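> this one's structure only:
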């Protein structure tokens, strides 16, 4: 295939950058730019060659050329990986030179697509690569890596074969209706399908955990200006993000940063768009950060206790109404400014969890971190072998509903051919999940998730 | 006789009859060559037509303008809808036929078709020049030119009949075989395999004690297969009983002297139409199997012992049969036998049943490895239609799996490799609820009409029914029944009463409710008069309303299915250019040459990954 080239490491300034070339002519193209002791055209696979990257007799950088010969490479084709120094100009020059020598810029996910097309991985493994690239936690990396080895495929295939067996027995009875043999009791069918539904429900439930592991546990800080949000945001990140207030409202209306608590990525989101005064405007303000709150797992309402302990009560009420499933913790900030008696008076009278802090003096900040940690940990109910992504979740929910229909059919004492309608639909979808059944949409969806260079 | 025809059909069995019927009716000058006119359409095995999935085929053949429905009605002596206690999708019409009458009916039917010539002769070879059909050469050396040739030779190619360890050459009991034909085709490069099938013993009707059997009658109101037939009647009774362990023990004694068990028969037998010895051997935990006595006709002494197909030695057959209560003193007219015959691996065929190797040569029926009259007839129909369409330079008739059992059968044949005779089942159809025998005309008569096999007048009947069905659906969705109008009826049929008014469509979904009954409770029936007067339409509406939810779900699956079906692969696509295909997939794809990505995905050995790879190349 035509040779493609792209930066394989994240763009920007870094210690090292890796440029990957894949295709029939990858080694020939690379060798045109190599100045060193070896003859790249002759060297064995899986060898590293130190030398200079030259273009038009000019040295661009001192690099290493890593040679992989087909089919023993990531893509299954000839691959050269050039490790250069991480300056933006350097890798851009190198890629430009490679393109001038006959390769073309790779499209997003094209390396992995080639690996898939060359049989180096199945669809689910390719999907796991995409998940791996996007994963932000250590645990999620481990789970994605396991999927890369075909773990999820195995579990779902086992599930599918059980369903095929049920379908087969139901069909046998129809095919041999003359013989009047009962191959399977309908009560047994129901029992078996129910087991599968429960099993699926488990996987589906682990979705929340997966999302947290993949995208992080999201904590949104909500509150009026001057309630101390930015100060708290900086305190939680343990770094000074003074620029926060400068960008706020210019490019987007919130900022996010990751911290790690016990290997769980915590995404702290500072919403900067809240306005105050009348009730109606408050509610408008909530609508602005709607999307942020929806994605978050925990809402921290920051109240300026120095004004009043009830200053944000309207806001809290509307949040509770609009997001009944979200956890809300009220943070009474600037506690250093109020009298001790006032705090104790209020503690028992509030419905939602409440913590007295002072972002400015660090009072109870470590307690707040413990609280977030504890909530994040408990929200990951089970860390499965399985990790579910959006596409898989949708399919599984459809399968669950097909199976539920099948059970209803059994309960209504429908005959086998009607029960089979839903079981067959479920089997087809399970095939899509395992990649046993071809679906162009899945293919496109999986590969569109990649960034260029993977 | 003319020495030049558009289409020549070799073989007058069920496939040959259909091919001859449609080819001549479509305007081609057609020649049917048979070894014996008297044997045209002779049922060599069971004296019945139809049954699970097979009855569907007969209805589809009828909707496309074929012969079998009419023949089974006119040659039929007992009629029944199987699985009537089950849902409409698996109900199937079946009839007992008179084995002497059926060939007479078939001869009369064919003799009335203009453009069709029938001769008795034995074909020496199919004349092929440069991979194109020229005609046929008879045993006496006569050459007859034909633009296309359809081979429907059934079990007559190198047929070998077995009883116990004795074998005789023959295509059917007492009939000669066509031995040179398949050898010549083999020389030409066709791959020939070996299959076997069996038939049960025939008993003398006057030596049976019927009092020891259960009655097995036809339906009280028998319904014909064909819309062309006005009415049919039941003229015979069948009788049923069960085998027992004592009989099984006797049969087991003969296993060591069975050609099948000791491996003398090379052909692989059908798993789905198993011999009694197979059933005894395979279902060891079942100590009883159902058998039915089926008279082979009105004027014959012969009774067919359905369920007792066997090729065990005569002495074992005799002892076993005499242990069946009521058959203690039975006279066996003919012992069961197995027949082994040549078949052509059907991957060598296009979906039109034209061979890939030789242009204008078609194979249809049992020579393609199928079992059953109906499967054979369906192929004869498809081969006949497409042979003529090709001569007329028209697009072939290629139905999809969601349209007809006929296409399920043919698609399975050309894509899948199998090692036993192929028999159609409803389970083979993905979209079973839509492929019902009762809606075959609405699915297919439009094609029959385009081909000129269904007349405009005939089509008008179905068109009118379809209009009424559509009208009914709309009316039923908007017509309300009030609680006081309908609650007495609901309670009388054990359905819970309604509190608010409900539409006929809603009420019609309840399992005990009958649509026609509901309509009677309407204060004004004027709008529904034409529907109420049409039983067929009412029945369709009842089914469509009751199963609406399931049908909708299947339609959703179909739209998914059609996506890949509509992604066509160019006929000359170079699979060698796609390096990343697995070797097995590449070889299969080159061999079968699927028409679409969907068809490719049904080929064993072609994985989803191969399909993804192909789709990238096809973009």
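Now that the structure is in, tell me what you want to look at. For clarity, every value in this text was computed on a predicted model and none was experimentally measured.
> what residues does the stretch 351-454 of chain A have near chain B?
A:405, A:412, A:414-418, A:420-422, A:424-425, A:428, A:431, A:435-438, A:440, A:443 (CB under 8 Å from any CB of the partner chain). Where you see a C-beta, it was placed from the backbone N, CA and C, and this is true even at glycine.
> report the buried members of those.
A:405, A:414-418, A:420-422, A:424-425, A:428, A:431, A:435-438, A:440, A:443 (16 or more other CB atoms under 10 Å in any protein chain shown).
> among those, which ones are in helices?
The helices, defined by DSSP state H, take in A:405, A:416-418, A:420-422, A:424-425, A:428, A:431, A:440, A:443 from these.
> among the residues you listed, which pair sits farthest apart?
Pairwise distances across these peak at 34.4 Å for A:416 and A:443 (criterion: CB to CB).
> for the stretch 51-200 of chain A, which residue gets nearest to chain B?
residue A:171 (3.9 Å; CB to the nearest CB).
> what about the stretch 151-300 of chain A, any weak spots by pLDDT?
A:151-153, A:178-182, A:206-208, A:210-211, A:214, A:240-254, A:272-288 (pLDDT under 70).
> run the last query once more with 50
Across the stretch 151-300 of chain A, the ranges flagged by pLDDT under 50 are A:242-252, A:276-278, A:280-282.
> all strands of it, in order?
A:217-223, A:254-261, A:264-271, A:298-304 (DSSP state E, counting those that start in this stretch).
> starting from the last one, tell me which strands it pairs with and how they run.
Strands flanking strand A:298-304 in the sheet, each with its direction: strand A:217-223 (parallel), strand A:327-333 (parallel) (DSSP bridges).
> who does the helix or strand harbouring residue B:517 touch, helix- and strand-wise?
Applying DSSP states H and E as the criterion places residue B:517 in helix B:515-520. Applying 3 or more CB pairs under 8 Å, 6 or more residues apart in numbering or on different chains; DSSP states H and E, we find helix B:515-520 packed against helix B:483-492, helix B:504-508, helix B:529-532, helix B:535-546.
> and these, which is most packed in?
Across the helices and strands packed on helix B:515-520, averaging neighbours per residue (mean count of other CB atoms under 10 Å in any protein chain shown) puts helix B:504-508 on top, at a mean of 21.
> quick one on the thing from earlier: export the ones in helices among the buried ones among the residues of the stretch 351-454 of chain A next to chain B as TSV, with columns for pLDDT.
As requested, these are exported to TSV (pLDDT from 0 to 100):
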residue	pLDDT
A:405	93
A:416	88
A:417	89
A:418	91
A:420	90
A:421	90
A:422	92
A:424	90
A:425	91
A:428	88
A:431	84
A:440	60
A:443	60
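> any idea which of those is closest to residue A:369?
Distance to residue A:369, by CB to CB, is smallest for residue A:443 among these, at 42.9 Å.
> check residue 373 and give its pLDDT.
All of this refers to chain A. pLDDT for residue A:373: 86.
> chain B, not that one
With respect to pLDDT, residue B:373 scores 96.
> and what of the one 3 residues further on?
The confidence metric pLDDT takes the value 97 at residue B:376.
> check residue B:552 too.
Predicted confidence (pLDDT) for residue B:552: 92.
> do residue B:355 as well
For residue B:355, the pLDDT comes out at 97.
> next one: it from chain A, what distance?
Separation of residue B:355 from chain A (CB to the nearest CB, to the nearest Å) stands at 29 Å.
> ok, now residue B:318?
With the distance defined as CB to the nearest CB, residue B:318 ends up 25 Å from chain A.
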